[in-house]
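A.B. asks: Predicted structure and sequence below. I'll ask about it afterward.
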Amino acid sequence: MSHFSAEQEQTLMGWARRYPYRIMGLLEALRQVQEWRRCVGDQDEEYLAKLFDYPRNHVHELVTFFPGLTLRPTGRYRVGICRGLSCALAGSAAMCRCMEKSLGIKAGETTPDGKFSFETMECIGACDHAPALIVNDKLQGAASEQSISELLERLP
Ligand code: FES
């Protein structure tokens, strides 16, 4: 018996049928599971390995390779600050410290209430907004002490 609902199973099977190459559907399925569960756990890896007829260790390698996929649950709001070169030159280190202080957690951690997780990232392709700040994959613009404070205030 699967730990996914019947509807979720249908969605995942849809990804398994959609592409000529299994890996393409598997990546979509992993992204989908991450969205549902805020992580891809052991059971999920096991299920997807069977569904896509892919070695379990390869599924695990994908989960640990792609920064968008996590083994442990992220917060409801996944906050990220880029530390790529352009962003570093624009002061991302100070913005990361500001975010850690505001949330009371270190990069890679989740607040105890599960609301926020914070991570640092490599170039996310928004160098013209350096130091780039994103929440749940949506670019928020350039981070500043004020924008961080306003952002955390406004998220329900
Ligand atoms: S270096 Fe930060 S978005 Fe490119």
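C.D. replies: Thanks, I have it. This one's a predicted model, so the numbers in the text were calculated from it and none came from an experiment.
A.B. asks: Not counting sequence-adjacent ones, nearest residue to Leu155?
C.D. replies: Tyr77 (5.5 Å; Cβ to Cβ, 6 or more residues apart in numbering). In short, each C-beta sits where N, CA and C put it, glycine included.
A.B. asks: Quick check: bridge partners of the one you found?
C.D. replies: Phe116 (DSSP bridges).
A.B. asks: That one touches Ile134, doesn't it?
C.D. replies: No - counting by Cβ atoms under 8 Å, Tyr77 stays clear of Ile134, with 10.4 Å between them.
A.B. asks: Excluding sequence neighbours, find me the nearest residue to the residue of the chain found nearest the ligand.
C.D. replies: As assessed by Cβ to the nearest ligand atom, the ligand sits closest to Gly84 within the chain, at 2.5 Å. For Gly84, ignoring the flanking residues on the chain, the nearest one in space by Cβ to Cβ, 6+ apart is Cys123 at 3.4 Å.
A.B. asks: measure that neighbour to Ala88 for me?
C.D. replies: In this view, Cys123 and Ala88 are 10 Å apart by Cβ to Cβ, to the nearest Å.
A.B. asks: How about Arg72?
C.D. replies: Arg72 sits 27 Å away from Ala88 when distances are taken as Cβ to Cβ.
A.B. asks: Please apply the same query to Ala130.
C.D. replies: As judged by Cβ to Cβ, Ala130 and Ala88 stand 8 Å apart.
A.B. asks: Assign a three-state SS to the most centrally placed residue in the chain, would you?
C.D. replies: Residue closest to the average C-alpha location in the chain (Cα atoms, centre = their mean): Gly68, at 3.6 Å. Under DSSP: H, G, I helix; E, B strand; the rest coil, the three-state class of Gly68 is coil.
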